[in-house]
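In: got a sequence here, can you build the structure:
(chains A and B, ligands or ions: 2)
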Amino acid sequence: MTEPLIAVQHLEIAFPNNQVFKDLNFDIQRGDFLTVIGENGVGKTTLIRALLGMVKPAAGQIKYYPNKKAIRVGYVPQFRNLDQEYPLTIEDFVSLNLRGWRPWLSKAERRQVETAMAVTNVKKIRQRPLGMASGGEKQRAYLAQAIVEQPQLLILDESTASLDNEMKYELLDLVQNLNQTSDITVFFVTHDLPLAKQYAKHYLALKPGQQQFGNIADMSVEALKEVTNVSDV
Amino acid sequence: MLAMFSLAFMRNAYLAGTFIAIICGTIGVFVIARNLSFLTHTLSEIGFAGAAFGIFMGWTALSGMLIFTVVSSVIVGQMSVKQSRREASISAISALFIGLGILFLSLSNQTSSYATSILFGSVIGIANTDVLRVALLSGIVLLAMLGLYRPLKFDSFDAIGARVSGLWTTAISVVFLVLVAMSVSVAAQIVGSLLIFILLTLPAAAARYFVHTVSKMIFLSIGFALVGVWVGLYLSYLTNLPVSFFIASIECVFYFAALGYQRIHVGS
Ligand SMILES: Nc1ncnc2c1ncn2[C@@H]1O[C@H](COP(=O)(O)OP(=O)(O)OP(=O)(O)O)[C@@H](O)[C@H]1O
Ligand SMILES: [Mg+2]
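Out: Numbers count the residues shown, from 1 in each chain, chains lettered A, B, ... in the order given. Ligands and ions are numbered 1, 2, ... in the order given. A predicted model of the protein is given here:
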């Protein structure tokens, strides 16, 4: 077994009169492609926020190897309210996430933006205002922004939810490529069981008060539909 | 044209106006991106009350304005950080401050012409020390903007992305509002507190229709603001009519031209 990147142990998270998790356990392996499935409101986004340290566990712990600081995270959040009028070009949007402090971009930073746009296949439309981009192009731009600082862990919160089938597979091909060639660990939240089955290595199925964790090869789509109440549409 | 620059107060007006256009053009890009036009309007009304209070206390109008706008921007900012749409309560606050401004002015025995110069701006009264003050404050605002540029850009143009990437977005909001307050106070020296939001919103709102990166928006927005201020001052000198009238008209031309450009561009 390889060394884990993150180990979640006996995690319990509760909001005022709403217990989200109790005794949740799983590991994120280095280089893993972990998919998280579960019905609406079961706590998938909350779990991400806990991993990022934005929600405090009521009990249990999240261990980071070697430590939390050393793990750079790229995160594509579930909702982004960018309307049609959104003015920035895709290129400028991608560069927002650069960590430097100079008002202008350094040569190295410009190279980072180039690389991120190249691997997400948005280089050709880099000058297009993001507000005008299609749903699939937007998701690829979000992905490019998330990976511009070369994260070790990439978190995708239902990034395929608004996409048609072809676009879904196109996006996941890009993510899989990042996972395999750049050794980025992927944490992928989805409702789409066939998609999860095709791309992931491990799965975590969540149900109120229950969890199932294992190799994706052992996941039966039929059985999971029962556990999670998730339809595959 | 040259005759105009032989007048000390016109030279001062051009100097101060240039600084004001630069900071308003810069700050405005973020005001628009963060949807703060309404708040800017309120701050300028609060600034009016502050100016009147400053005069009432025997200070300068600028220091009264700075105190009022900075303090209230921190308070209002905290409020609107939590709930972005509190427009009714913000309107109530502006009404209160306009009332206070009128009260302070009448208490301080100033003539009504003084009130109009605070409200609508004036080029006549600008002395060398005023230019120095404007330059100093503009310098502070610009330096702060340089230091804060990256996180402010991220938070303004992708608030959700900035938050999930761990930026201190609340701190950024508050610091930015303080910078807006300082810009309002500085700019009111020329265009007056009633029309200050023109320079803080219209150039930037127009720029975002023509160009699509943050840095280009800032340059274009500064350009629109500069043209408005420079041409406005010149026309005001020629006609003896209020400078704020010309600045407002010129910025409106830019803005509606931008809307027209957008329509043609999208339509094609
Ligand atoms: N800050 C909060 N305060 C109180 N309750 C919260 C908070 N955040 C989330 N919850 C609750 O926790 C539960 C889990 O929410 P979460 O957003 O994690 O669900 P999810 O699995 O991501 O759902 P979806 O599939 O709809 O995105 C929900 O019942 C939600 O109402
Ligand atoms: Mg969610």
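In: I'd say A:Glu12 and A:Asp23 touch.
Out: Yes. Counting by CB atoms under 8 Å, A:Asp23 is a contact partner of A:Glu12 at 6.6 Å. Where C-beta positions appear, they are placed from N, C-alpha and C, glycine not excepted.
In: could you give the mean pLDDT of the helix or strand where B:Phe9 lies?
Out: Using DSSP states H and E, B:Phe9 sits in helix B:8-33. For helix B:8-33, the mean pLDDT works out to 94.
In: buried residues in that helix?
Out: For helix B:8-33, a neighbour-count test (16 or more other CB atoms under 10 Å in any protein chain shown) marks B:10, B:12-33 as buried.
In: tell me the domain boundaries of chain A?
Out: Domains of chain A are assigned by automatic domain parsing as A:1-71+A:152-233, A:81-150.
In: and the shortest one, does that touch chain B?
Out: It refers to domain A:81-150. Yes. Domain A:81-150 lies within reach of chain B by CB under 8 Å from any CB of the partner chain, at A:81-82, A:87-89, A:91-93, A:96-104, A:127, A:129, A:142, A:145.
In: ok, now the longest one?
Out: Yes. Using CB under 8 Å from any CB, domain A:1-71+A:152-233 reaches chain B at A:52, A:54.
In: what is the mean pLDDT for that domain?
Out: For domain A:1-71+A:152-233, the mean per-residue pLDDT is 88.
In: how about low-confidence regions in chain B?
Out: For chain B, the stretches with pLDDT under 70 are B:1, B:77, B:79-87, B:110-115, B:267-268.
In: point me to the residue of chain B nearest ligand 2.
Out: B:Val164 (12.5 Å; CB to the ion).
In: residues contacting that residue?
Out: Shown in contact with B:Val164 (CB atoms under 8 Å, 6 or more residues apart in numbering or on different chains): A:52, A:54, A:75, A:77.
In: tell me how far the second one lies from A:Phe188.
Out: It refers to A:Met54. Distance, A:Met54 to A:Phe188, by CB to CB, to the nearest Å: 19 Å.
In: neighbour count: the two, which is higher?
Out: Between A:Met54 and A:Phe188, counting by other CB atoms under 10 Å in any protein chain shown, A:Phe188 is the more crowded of the two (26 against 12).
In: any idea how far the more buried one is from B:His212?
Out: Using CB to CB, A:Phe188 is found at 31 Å from B:His212.
In: and the longest helix for chain A?
Out: What stands out as the longest helix in chain A, according to DSSP state H, is helix A:165-181.
In: my error: substitute chain B in the last question.
Out: Using DSSP H to define each element, chain B has its longest helix at helix B:128-157.
In: show me what counts as buried in that one.
Out: Those would be B:130-131, B:133-134, B:137-138, B:141-142, B:144-145, B:148-157, for helix B:128-157 by 16+ other CB under 10 Å.
In: what's downstream of it, the next helix or strand?
Out: Using DSSP H and E, the helix or strand that directly follows helix B:128-157 along the chain is helix B:159-164.
In: and whatever helix or strand comes next after that next one with helix B:8-33, angle?
Out: Moving toward the C-terminus from helix B:159-164, the next helix or strand (DSSP H and E) is helix B:169-191. Relative orientation of helix B:169-191 versus helix B:8-33 (axes from the mean of the first three to the mean of the last three CA atoms, to 10 degrees): 150 degrees.
In: only alpha carbons, please: show helix B:169-191 as PDB.
Out: Written as PDB, here are the backbone C-alpha positions of helix B:169-191 (Å, rounded to 0.1, in the frame of the first residue of the first chain):
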ATOM      1  CA  THR B 169     -11.600  38.000   1.900                       C
ATOM      2  CA  THR B 170     -13.200  39.900   4.800                       C
ATOM      3  CA  ALA B 171     -10.000  41.800   5.600                       C
ATOM      4  CA  ILE B 172      -9.600  42.600   1.900                       C
ATOM      5  CA  SER B 173     -13.200  44.000   1.800                       C
ATOM      6  CA  VAL B 174     -12.600  46.300   4.800                       C
ATOM      7  CA  VAL B 175      -9.300  47.600   3.600                       C
ATOM      8  CA  PHE B 176     -10.700  48.200   0.100                       C
ATOM      9  CA  LEU B 177     -13.600  50.200   1.500                       C
ATOM     10  CA  VAL B 178     -11.200  52.300   3.500                       C
ATOM     11  CA  LEU B 179      -9.400  53.100   0.300                       C
ATOM     12  CA  VAL B 180     -12.700  53.900  -1.400                       C
ATOM     13  CA  ALA B 181     -13.500  56.300   1.500                       C
ATOM     14  CA  MET B 182     -10.100  58.000   1.100                       C
ATOM     15  CA  SER B 183     -10.700  58.400  -2.700                       C
ATOM     16  CA  VAL B 184     -14.100  59.800  -2.100                       C
ATOM     17  CA  SER B 185     -12.800  62.400   0.300                       C
ATOM     18  CA  VAL B 186      -9.900  63.300  -2.100                       C
ATOM     19  CA  ALA B 187     -12.000  63.500  -5.200                       C
ATOM     20  CA  ALA B 188     -14.800  65.600  -3.500                       C
ATOM     21  CA  GLN B 189     -12.300  68.500  -3.500                       C
ATOM     22  CA  ILE B 190     -12.900  69.000  -7.200                       C
ATOM     23  CA  VAL B 191     -16.100  67.400  -8.400                       C
END
